[in-house]
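Predicted model and sequence follow; I will ask about them next.
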Amino acid sequence: MSEAILRLANLKESFAEAMDAIRANKLRSSLTLLGIIVGIFSIISVMTAVGVLRNSIEEGLMQLGANTFQVQKIAPGIGHGPGEERKYRNRKDITFAHASQVHDKATLASAVGIESWEYGRMIVWKGEKTNPNVFLAGENLEGITTNNWVVAKGRSFSTQDFEMSRHVVILGKAVAEKLFPPYVDPVGEMVRVDGSLYQVIGVYETKGGVLGGSFDNFVTIPLPAYFEKYGHAGKSLHIMVTARDKEVFEDCIEQVRGILRAARHVPPGEEDDFGYFSNDSVIKQFNDFTLYLRIGVLVISSIALLAAGVGIMNIMLVSVTERTREIGIRKAVGAMKRDILSQFMSEAVVLCQIGGIAGVVLGIVGGNVVGLLLDVPAVIPWDWAAIGVVVCVIVGLIFGIYPAWKASTLNPIYSLRYE
């Protein structure tokens, strides 16, 4: 017990001496710390920014319901090249006939939504108007469910709305707030879209947004009314499919692929002329895309840390030379080899840790600037922060061991004579 207390006291003394040595050489220590700070800052800032973006994307993608995937002519993708873009644009549109076959034949699905979108619309109510940036969707009855939309006020579409092609509309939360003052109930009011009047039958619950954008800036009308207004020509529809349960999700995807390939006359052996995605697939695609970015940052940061480690070793060697007489005096009064070794190792590790902690703090702040600009909650990557601290300890140990060993093996008689 007494030996453990003695070791702790020696460690505390070594730490205090290390801090005194750093304070005595502020400029030299600061220049050495700069390399550590840059290396750790690069890692932590990028990992924090990626975490912010991933959380925002994951939260936004939850707009699709559970066990739901979506089929489009061109599925959302990250990093499509020019050649791929041209190939995708030349695909046939997904028509209502194609979507109807999926709706009628997908036995593993509990719901099949069909939708089409118009962009940049303006909604008007009694002189009040939105910006011309509202999304308008024509939806079938099951489109509300598969999009995971919830009507917070009023009602959803009914079978009669579709059979009679009624001009009714459900507003997104942002549109309702833009048009109507708090004391006016939007339900029952008439709004104008592209010159046509629609009766408001409901307002959706807020869906939030992703990467600074809003998922509430949209309105929906029944698909028959949509086709009546905007027609079928040039419209490639989206198909949202909700599998009966998680166990048949992959089988449901394969079933829908088979139905669409047959409906679109895709020859056996040729790739699909449509794309599909789910929450998990898009998140995986984002992670794969950022993998190379993270690897690149790790390589560059490792080089910076290596250069900083060499700088630390040089500083420690200079420090050993400058303090040769001090080392001789310590040995003369009874300091053992391990005490000298511990002192200089502690100094190297403390030097690295100061730079590492500064790099971690600056990295977290810098990475979260992305979240601040996109109005996304801050992220603290505790795992990477811990890795950064551990890496600094390792750098201090590796590059501090030779100067510490050299100091511990100095001849005390020679050291006392050193000027």
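Received, thanks.

drop to CA atoms for contacts and neighbour counts, all remaining ones
Will do.

those strands in the stretch 51-200 of the chain, which residues are they?
Per DSSP state E, counting those that start in this stretch, the stretch 51-200 of the chain carries strands over the ranges 68-72, 109-121, 123-125, 128-129, 134-139, 151-154, 168-171, 190-193, 196-204.

Switch those strands over to TSV; also include mean neighbour count and distance to Val102.
Output for these, formatted as TSV (neighbours: other Cα atoms under 10 Å; distance: least, Cα to Cα, whole Å):
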stretch	mean neighbour count	distance to Val102
strand 68-72	23	10
strand 109-121	19	8
strand 123-125	20	33
strand 128-129	14	38
strand 134-139	22	15
strand 151-154	16	26
strand 168-171	26	26
strand 190-193	18	30
strand 196-204	20	27
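
what residue ranges in the stretch 1-150 of the chain score low on pLDDT?
Within the stretch 1-150 of the chain, the ranges that satisfy pLDDT under 70 run 1-15, 17-22, 24-25, 28, 56-66, 75-88.

For Val266, which of the strands of the stretch 51-200 of the chain is the nearest?
strand 68-72 (15.5 Å; Cα to Cα).

Can you name every helix or strand that the closest one contacts?
For strand 68-72, the elements it packs on are strand 238-243, strand 275-278, judged by 3 or more Cα pairs under 8 Å, 6 or more residues apart in numbering; DSSP states H and E.

Tell me which stretches of the stretch 151-300 of the chain form helices.
In the stretch 151-300 of the chain, the helices defined using DSSP state H, counting those that start in this stretch lie at 159-163, 173-179, 223-230, 249-263, 279-322.

other SSEs contacting the shortest one?
Packed against helix 159-163 by the contact rule (3+ Cα pairs under 8 Å, 6+ apart) you find helix 223-230.

ok and the helix it packs on relative to strand 109-121, angle-wise?
30 degrees (axes from the mean of the first three to the mean of the last three Cα atoms, to 10 degrees).

Rounded mean pLDDT for helix 223-230, please.
Across helix 223-230, pLDDT averages out at 92.

List of residues touching it?
The contact list for helix 223-230, computed with Cα atoms under 8 Å, 6 or more residues apart in numbering, reads 115-116, 137-140, 162, 165-167.

starting at the chain centroid, how far to that helix?
37 Å (Cα atoms, centre = their mean, to the nearest Å).

again with stretch 249-269
32 Å.

mind listing what's buried in it?
Of all the residues in stretch 249-269, those buried under the rule 16 or more other Cα atoms under 10 Å are 249, 252-253, 255-261, 264.

follow-up on the earlier one: now the contacts of helix 223-230 as TSV including distance to Leu237?
Below are the contacts of helix 223-230 laid out as TSV (distance: Cα to Cα, whole Å):
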residue	distance to Leu237
Glu115	6
Ser116	5
Ala137	11
Gly138	10
Glu139	10
Asn140	11
Phe162	17
Ser165	19
Arg166	21
His167	20
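
ok, back up a step: Val390: which of the buried residues of stretch 249-269 is nearest?
The closest of the buried residues of stretch 249-269, once distances to Val390 are taken by Cα to Cα, is Phe249, at 41.8 Å.

How many residues are close by the nearest residue to the closest one once chain neighbours are set aside?
Nearest residue to Phe249, sequence neighbours excluded (Cα to Cα, 6 or more residues apart in numbering): Ala243, at 5.3 Å. Using other Cα atoms under 10 Å, Ala243 has 25 neighbouring residues.

could we number from 10 for the rest of this?
With the count now opening at 10, the last piece we talked about shows up as Ala252.

quick one, what contacts Ala252?
Contacts of Ala252 (Cα under 8 Å, 6+ apart): 76-77, 117-120, 258, 261.

Without its sequence neighbours, what residue ends up closest to Thr418?
In space, Thr418 is closest to Lys346, 7.0 Å off (Cα to Cα, 6+ apart).

how many other residues sit next to the one you found?
By other Cα under 10 Å, the residues close to Lys346 number 15.

do you know how far it is from Tyr285?
67 Å (Cα to Cα, to the nearest Å).

Quickly list what the residue nearest to Phe258 is bridged to.
Ala118 (DSSP bridges).

Look up how far Gln79 lies from it.
For Ala252 relative to Gln79 (Cα to Cα), the value is 11 Å.

Same check on Gly211?
Using Cα to Cα, Gly211 is found at 25 Å from Gln79.

quick one on the thing from earlier: so which of the helices of the stretch 160-309 of the chain is the most surrounded?
Stretch with highest mean neighbour count among the helices of the stretch 160-309 of the chain: helix 182-188 (a mean of 20; mean count of other Cα atoms under 10 Å).

Ends of stretch 169-182, what's the gap?
Start-to-end, stretch 169-182 (Cα to Cα) is 25 Å.

For that stretch, give me every contacting residue.
With Cα under 8 Å, 6+ apart as the test, stretch 169-182 has contacts from 149-150, 165, 206-215, 225-234.

so where's the stretch 210-359 of the chain uncertain?
217-223, 291-292, 344.

what packs against the helix or strand containing Gly376?
Under DSSP states H and E, the secondary-structure element containing Gly376 is helix 346-382. Applying 3+ Cα pairs under 8 Å, 6+ apart, one finds that helix 346-382 contacts helix 11-33, helix 35-70, helix 288-331, helix 391-417.

Now do the buried residues in the second one.
Neighbour-count burial for helix 35-70 flags 38-39, 41-67, 69-70 (criterion: 16+ other Cα under 10 Å).

tell me the angle of that helix relative to helix 288-331?
Here helix 35-70 runs at an angle of 170 degrees relative to helix 288-331 (the same axes, to 10 degrees).

Run the chain-centre distance for stretch 197-214.
Relative to its chain's centre, stretch 197-214 lies at 36 Å (Cα atoms, centre = their mean).

Run through who's touching that stretch.
Against stretch 197-214 from outside (Cα under 8 Å, 6+ apart): 130-135, 158-165, 176-182, 185, 195-196.

how about a cut-off of 6 Å?
Identification of contacts with stretch 197-214 by Cα atoms under 6 Å, 6 or more residues apart in numbering yields 132-134, 159-164, 176-182, 196.
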